[in-house]
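> model this:
(one chain, ligands or ions: 1)
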Amino acid sequence: MEINSPAPGPNTVTVRRNPHRRARPTPTPATAAREMQIPSSIAPGVRSFPTQEILSMDVAKPNPVAENLRVFLRIRPLVPSKLGDKTGGFGADQNPKPRLKNAWPQNPAKKKSAAGRSPQNNRKIKEEVCIKVNTSHSVTLSPPLALQESNRTKTEVYEGFSHVFSSDSSQEEVYDKMVKPLVEEFLRGKSGMLAALGPSGSGKTHTVFGCPRQPGMVPLALQHIFNQTSGSISESSRSFFISIFEISSERGKGERLFDLSPNGGDLSMQQSTLRGLQEIPISDARQAESLIAQAMLKRATGMTNANSQSSRSQCIINIRAVADKCNGDDNNQANDGVLTIVDLAGAEREKRTGNQGARLLESNFINNTSMVIGLCLRSLLEHQKNPKKPLQKHFQNSLLTKYLRDYLEGKKRMALILTVKSGEGDYRDTSYVLRQASPFMEIKYNYVEEPSNISYPKRHFQALSRTEQRKKMKVTDPDACAIEEHKSIEAENALSKEGSVKSSGCVDSDQGERNHRIMQSFSKAIWNVLKQYKEKLKVADDEIQHLRENLMTEQTRCLELEKELKDVQSCCSCSNREAVEVSLSGVGGQESSNLDEVKSLDVVEVSTLCLELENPNKQDHQTCEGVSGSEHSATDLCESISVRPEDSYLSVDVAGFMVDSYQSLAMHRKDSCSSVELDDLLGEGHKESSKDISLNGYCNAVDLLDDESSLNTSFQALQTENLEEVASTGQSNASPSSSPSPKDVSAVDVEDEIQKPRELSNFPTSPKVDLVLTKGCDVIAIPDRETRDSGVLDVKDEIQKPRELLNFPTSPKEDLVSTKGCDVIEIPDSEPGVKISTKTEKPKRRLLPASSLLLRDFSTLDINDDEKPKRGKRKSGAVEERHRTQGSISLLRLLHRNLPS
Ligand SMILES: Nc1ncnc2c1ncn2[C@@H]1O[C@H](COP(=O)(O)OP(=O)(O)OP(=O)(O)O)[C@@H](O)[C@H]1O
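All right, here's what the predicted structure looks like:
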């Protein structure tokens, strides 16, 4: 069939666009071997290049470096029709397809033109063609003469097409050159798409679907697919599914997705994934053709002035091949692939179609979709030419471009077939298509991805969405449910197979190994950190244990210190007590042994002792301080010795007590040197043992305090101890220690206090004790404010009372001594002449340990015999010294007075 190309006019200028690219022939191994033959003159020592070895290696064929977008051009034949039918050369009988829908409203101008067209005019039209095929890859577009004159439109040559199909080209020729390669790629697992573009009535639908007598690309592809599978590969090795849907205008308000399968319905799209699209498994070509025929009946079509059966929607057919899981043959390249064939609605010009109303809205939708497709491809082309230009996202402007995003962005292979009409009146439409689509031939697929890698996410989403939809879908048709179930199973199989393929890849293994190393390093790092923390915890535990041990040690030390403190305190008290006891025992021994001497202690010596005690020199002063100093013991002793003001008169036996007291004081005080002096004194006393001791001297030497003290009880205790000691030693002689001490006697309330211990303790009485007591029955002048007022003490009377109360046995000696001692003592005072009288009523006393009381008695011993301040209100040292001096003077006076002349 000849290609009807218009003859170039005299004023037509041919412009060559998109020159055909001639690919270089691929060198074959034979030619390469011939080219690489090594000359024989090569050096013998040099090893020859292993050409044969390299050539013998089975090297996989490299992928095509770059592949241009294949753009085909098909020219619809101008077949004059007597009836003016637009079917072209097929005639009415050749196109028995009835008009199912009438295009309304029809363009009246077209009606008139059609009505007034005569056979002559038809012949004229037949002659007037605007496009002429130059070669199989180029065409020449010639404008009509009228346009050439008015608009200075020139003839254009379009070349670079993959192939140009003339108006007399058959469906099989088109299929073999255009679709067959796609199908073969599809059968090898690669996806591909074929899209038909062109003005309305240019033969897109005819090319895609054809007619029963002239089947289109889809029937031929199905036949090819099933013939191929049935011939070379087992039918069970793969399965095929077909899905048909359309995108139409929803009354001009939007786009509508509709499933054209028998049980299809409205669809929805999220991102680039359709929801609800049914995939019908097909087992043979006939079945598929039947499904396609049913889908075509459901497709939206309309009658326009350009086409009596114009497609009003974009129709998409998907044929998907799924390899069976059980087939372990990896060499059949049975990867999943999708062959997509798109029959677009033809762009329409309003003037030409004469559409109005709804048809006009449909035209706008159709033209808009065509424009978006063109924009996407143009953006892709510009991006490829200049990578700095970003790839525009025009695909978002229509559902079709969204669905075909991967193809429009150059990620998948596709082919375009441009259908044009060759009539002179179709020049504008043809020219527009060629201008718009011819640049797309420069689009290259440099980075074509394998369909398995690209389609995986989409299929994954599809499977999931389909599963979700199945849950929501009402069970209306068991067959449909069975189909959905089967499709889901197949989808799962596809996913599992894709996963297995992915895991088996080298890249996946490298990635997995890298992840393993990363995780191993991460685990090691965590392990090291944990080990460090463990060590830190161990160190912290050791420190805590050490601190606990230190704490225990400190607590132990604290307890020991407390214990030592208690011991020290107890030792202090015990030492005082022991010191007193030792002194008492020592002195007691001496006294017991020298009882006679004590008894006969000369008053002069006693006075000397007192003088020594009250010597203002340093040592004596210390001693006196020990006796009557500020220490509590001395104060207590003085207090114990002292008698309350109420006790105006005391008659006590002080002789032995004074000796003991001074000895105890000498032993108790560390810094006192009076111990030696006392020893000396005692020695002197011993020497003067033949002399009688007058209690008056002692009593004068004792500083009788005005404060009432516990001397009464101390006396009792001391008396008890001394008596027991005397009893233990078996000595019948009265000793100063065994006898009621003078201080005790002086502190005892003569009537009450002394009697009680006597009765309770049942003291053994002895003549010596009586003697000593008798000796102590002297009158003691108490330098007290009150006692001073009371005047002179009646010692004799007062002494008799305790004797009677104590039931002490009296002896003539005692009476003698007592008589002797019962003198009136005049106390030198600032207020001389004042006499103190004793009182009969005494307060009760409480018992205390003898040693402590003795210590207190000695420590509180005060020689001051007059104007003794109250406890805690001592005067300065000078005043006390002055007082002591006065006391000593008074003591001397008393002693001298009482000395036997
Ligand atoms: N190559 C061809 N050979 C014979 N007849 C053809 C050819 N191309 C198209 N026709 C006839 O032209 C008429 C219109 O064709 P078709 O419907 O395929 O155009 P279209 O491009 O699909 O139009 P629309 O876009 O409006 O659907 C049909 O009746 C068809 O039979």
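
> Was I right to think Ile244 contacts Leu260?
Yes: contact criterion CB atoms under 8 Å: Ile244 and Leu260 qualify, at 4.1 Å. (C-beta placed from N, C-alpha, C; glycine too.)

> And these two? Which one has more around it.
Using other CB atoms under 10 Å as the criterion, Ile244 and Leu260 rank with Ile244 on top: 29 against 24.

> So what's the residue count around Gln555?
There are 10 residues near Gln555, going by other CB under 10 Å.

> how would you label it: helix, strand or coil?
Classification of Gln555 using DSSP: H, G, I helix; E, B strand; the rest coil returns helix.

> Please tell me how far it sits from Leu561.
10 Å (CB to CB, to the nearest Å).

> quick revisit: residues shared between the contacts of Ile244 and Leu260?
Both Ile244 and Leu260 are in contact with Ala295, Cys315, where contact means CB atoms under 8 Å, 6 or more residues apart in numbering.

> what pLDDT does His632 get?
The model reports His632 with a pLDDT of 43.

> can you check Asp680 too?
Predicted confidence (pLDDT) for Asp680: 45.

> again with Pro181
89.

> Share the number of residues neighbouring it, please.
Pro181: 15 neighbours (other CB under 10 Å).

> So it belongs to a helix, correct?
Yes: Pro181: assigned to a helix according to three-state DSSP.

> Dump the C-alpha coordinates for the helix or strand containing Lys132 into PDB.
Element membership for Lys132 (DSSP states H and E) is strand 131-135. Extracted in PDB, the C-alpha atoms of strand 131-135 (Å, rounded to 0.1, in the frame of the first residue of the first chain):
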ATOM      1  CA  ILE A 131       1.200  14.300   5.400                       C
ATOM      2  CA  LYS A 132       3.500  12.300   3.300                       C
ATOM      3  CA  VAL A 133       5.700   9.400   4.400                       C
ATOM      4  CA  ASN A 134       9.200  10.000   3.500                       C
ATOM      5  CA  THR A 135      10.800   7.000   5.000                       C
END
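
> Give the partner strands of whichever helix or strand comes after that strand in its sheet and their orientations.
Later in the chain than strand 131-135, the nearest helix or strand by DSSP H and E is strand 138-141. Its sheet considered, strand 138-141 pairs with strand 131-135 (antiparallel), strand 156-159 (antiparallel) by DSSP bridges.

> On the C-terminal side of strand 138-141, identify the next helix or strand.
helix 145-150.

> buried residues in that following helix?
Neighbour-count burial for helix 145-150 flags Leu147, Gln148 (criterion: 16 or more other CB atoms under 10 Å).

> Need the residues touching each of Gln555 and Leu561.
Common contact partners of Gln555 and Leu561 (CB under 8 Å, 6+ apart): none.

> host element of Arg514?
Using DSSP H and E, Arg514 falls within helix 506-593.

> Show me which residues of the stretch 201-350 of the chain sit near the ligand.
Within the stretch 201-350 of the chain, the positions lying close to the ligand (CB under 6 Å from any ligand atom) are Gly201, Ser202, Gly203, Lys204, Thr205, His206, Asn307, Gln309, Ser310, Ser311, Ala345, Gly346.

> Show me the residues you listed that map onto strands.
Cross-referencing these against strands under DSSP state E gives Ser310, Ser311.

> Tell me the one of the residues of the stretch 201-350 of the chain next to the ligand nearest Cys571?
Closest approach to Cys571 among those (CB to CB): Ala345, at 122.9 Å.

> Leaving out the residues flanking it, which one is nearest to the closest one?
Ile366 (4.0 Å; CB to CB, 6 or more residues apart in numbering).

> neighbours around that neighbour, how many?
Summarising burial for Ile366: neighbours were counted as other CB under 10 Å, giving 24.

> same question, Thr304
The local packing of Thr304 (other CB under 10 Å) involves 28 other residues.

> and what of Leu565?
By other CB under 10 Å, 10 other residues sit near Leu565.

> Tell me, how many residues neighbour Phe72?
Neighbour number of Phe72 under other CB under 10 Å is 23.

> partner strands of the helix or strand containing it, parallel or antiparallel?
Secondary structure assigned from DSSP H and E places Phe72 in strand 70-76. Paired with strand 70-76 in the same sheet, following DSSP bridges, are strand 163-165 (parallel), strand 413-421 (parallel).

> average pLDDT for the helix or strand just after the shortest one?
Think strand 163-165. Downstream of strand 163-165, the first helix or strand assigned by DSSP H and E is helix 171-174. In this model, helix 171-174 has a mean pLDDT of 91.

> I'd like to know which elements helix 171-174 is packed against.
Applying 3 or more CB pairs under 8 Å, 6 or more residues apart in numbering; DSSP states H and E, we find helix 171-174 packed against helix 217-231.

> Now the helix it packs on - C-alpha only, PDB.
Presented in PDB, the C-alpha positions along helix 217-231 are these (Å, rounded to 0.1, in the frame of the first residue of the first chain):
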ATOM      1  CA  MET A 217      -2.800  -4.700  19.500                       C
ATOM      2  CA  VAL A 218      -4.400  -6.100  22.500                       C
ATOM      3  CA  PRO A 219      -5.900  -9.200  20.900                       C
ATOM      4  CA  LEU A 220      -2.700  -9.700  19.000                       C
ATOM      5  CA  ALA A 221      -0.700  -9.400  22.100                       C
ATOM      6  CA  LEU A 222      -2.900 -11.800  24.000                       C
ATOM      7  CA  GLN A 223      -2.600 -14.200  21.100                       C
ATOM      8  CA  HIS A 224       1.100 -13.700  21.200                       C
ATOM      9  CA  ILE A 225       1.300 -14.200  24.900                       C
ATOM     10  CA  PHE A 226      -0.700 -17.400  25.000                       C
ATOM     11  CA  ASN A 227       0.800 -18.800  21.900                       C
ATOM     12  CA  GLN A 228       4.300 -18.100  23.300                       C
ATOM     13  CA  THR A 229       3.500 -19.700  26.600                       C
ATOM     14  CA  SER A 230       1.800 -22.700  25.200                       C
ATOM     15  CA  GLY A 231       4.600 -23.300  22.700                       C
END
